[in-house]
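> Below is the sequence, then the predicted model.
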Amino acid sequence: MMTPLLVATVGAAAAATLLSASPCLAFSGIAARRVSYPPPCQNAARFPARSGVFLGGGACRFEPGKELLRSPTPTTAVVRMSPSDDDDEGGEGGFLSSVYTPLDNPFLAVVDFVAFLLFAAVGKASHAPDGSLDIVAVFVTALPFLASWYLTAPLLGCYDPQSTARGAGSAAKVAATGWIVAVPLGCVLRGLIKGYVPPTPFVIVTMISTLVILAVMRAGYSKIQTELLG
C-alpha cells in the first residue's frame, strides 16, 4: 500500500509533466468544440496526446479566425489569423499590369498617328475641288479615329513590344486586330460629332483605307525595326 508521501510525489510529478507538455493542451479541448478543423488537424486538436502536436515544450500558437495548421516541424501547431502578404503578391495589377500603352512604344504611336492623318488627308483631298488640303480639317476628320484607336488598341496588344518584332506579316495582323474595333468605333464617334449617321459608302471606304494604311505602315515599321536591330 502506497504511503501518502509516495502518492503525493507521484501526483506532483504527473502534474508537472502535464503542465510542461504545452499550454495548448487546455486549449485543444475548447478548440475541438468551437473550431472546425480539416483532417489531420481535427484529430490533432481532439487527441493531442496521440498526435504529438503538443509535444515539445508548448510550441503552439493560436490565432482565432483560421483553421489549425500543422507547421513544417512535427511538434508545432500554427493557426493563421489572416493570409500573409505573400499570398497577395502577383495578383496586384491583374490584366492592366500587362497592357502596353502608346507611351511604352512612342515611335509606333507616331506611325499610327501619321497613318490616320494620311487617311484623312487623302479623303479631304479627294473631295476638294482643287485638291488642296486644310490641315485643321484633316485633323478634325482624323480626331475621332485617333481617339478610338488610342483608347482600344492598347487593350488589344497593339503596343506590345512583340507586336512589330516578329516580322511584317505579324505586324499587319496585329494592326488588323486593333483596326476591327477602333475604326468602327471611330465611325460612331464621328457620327455623334456630326450629328448624323455616316453614309454607308463613307463607312466602307473608311474601313478599307484605314486597314490598308495601318497594315502597310506597321509592316514597314516592323521591317525597319528588324533591320536596325540586326
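Sure thing, it's come through.
> Only C-alpha atoms from now on, for both contacts and neighbour counts.
OK.
> Please tell me how far residue 185 sits from residue 107.
Residue 185 sits 24 Å away from residue 107, going by C-alpha to C-alpha, to the nearest Å.
> which strands and helices sit next to the helix ranked longest in the chain?
If you go by DSSP state H, the chain has its longest helix at helix 200-228. Identification of packing neighbours for helix 200-228 by 3 or more C-alpha pairs under 8 Å, 6 or more residues apart in numbering; DSSP states H and E yields helix 106-127, helix 168-194.
> May I see those helices organised as a markdown table, with mean pLDDT, mean neighbour count and distance to residue 200 added?
Output for the helices and strands packed on helix 200-228, formatted as a markdown table (pLDDT from 0 to 100; neighbours: other C-alpha atoms under 10 Å; distance: least, C-alpha to C-alpha, whole Å):
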| stretch | mean pLDDT | mean neighbour count | distance to residue 200 |
| --- | --- | --- | --- |
| helix 106-127 | 94 | 18 | 15 |
| helix 168-194 | 97 | 19 | 11 |
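> Residue 209 contacts residue 120, doesn't it?
No: using C-alpha atoms under 8 Å, residue 209 is not in contact with residue 120; the gap is 9.8 Å.
> Per the annotation, how does the chain divide into domains?
With domains defined by automatic domain parsing, the chain comprises 22-81, 99-228.
> Can you check the distance spanned by stretch 158-169, start to finish?
14 Å.
> cool, stretch 192-207 as well?
End-to-end for stretch 192-207, by C-alpha to C-alpha: 18 Å.
> List the buried residues in it.
Neighbour counts over stretch 192-207 (16 or more other C-alpha atoms under 10 Å) mark 203, 206-207 as buried.
> Could you do stretch 144-155 as well?
144-146, 148-150, 152-155.
> Columns pLDDT and distance to residue 180 on top of the buried residues of stretch 192-207, output as JSON lines?
Converted to JSON lines, the buried residues of stretch 192-207 look like this (pLDDT from 0 to 100; distance: C-alpha to C-alpha, whole Å):
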{"residue": "203", "pLDDT": "96", "distance to residue 180": "13"}
{"residue": "206", "pLDDT": "97", "distance to residue 180": "12"}
{"residue": "207", "pLDDT": "97", "distance to residue 180": "8"}
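> which one of these sits closest to residue 163?
Using C-alpha to C-alpha, residue 207 comes nearest to residue 163 of the buried residues of stretch 192-207, at 21.2 Å.
> Identify the residues contacting that closest one.
183-184 (C-alpha atoms under 8 Å, 6 or more residues apart in numbering).
> quick one: it from residue 162, how far?
Residue 207 is 25 Å from residue 162, by C-alpha to C-alpha.
> next one: residue 181
Counting by C-alpha to C-alpha - residue 181 and residue 162 are separated by 20 Å.
> Likewise for residue 173?
12 Å.
> same check, this time on residue 151
Applying C-alpha to C-alpha to residue 151 and residue 162 gives a distance of 19 Å.
> what do you get for residue 98?
13 Å.
> Make sure residue 197 is indeed in a helix.
No: looking at residue 197 with DSSP: H, G, I helix; E, B strand; the rest coil, it is coil, so not inside a helix.
> Show the backbone phi and psi for it.
Dihedral pair for residue 197: phi -70, psi 130, per degrees, to the nearest 10.
> For it, list the residues it contacts.
Counted by C-alpha under 8 Å, 6+ apart, residue 197 has contacts 188, 191.
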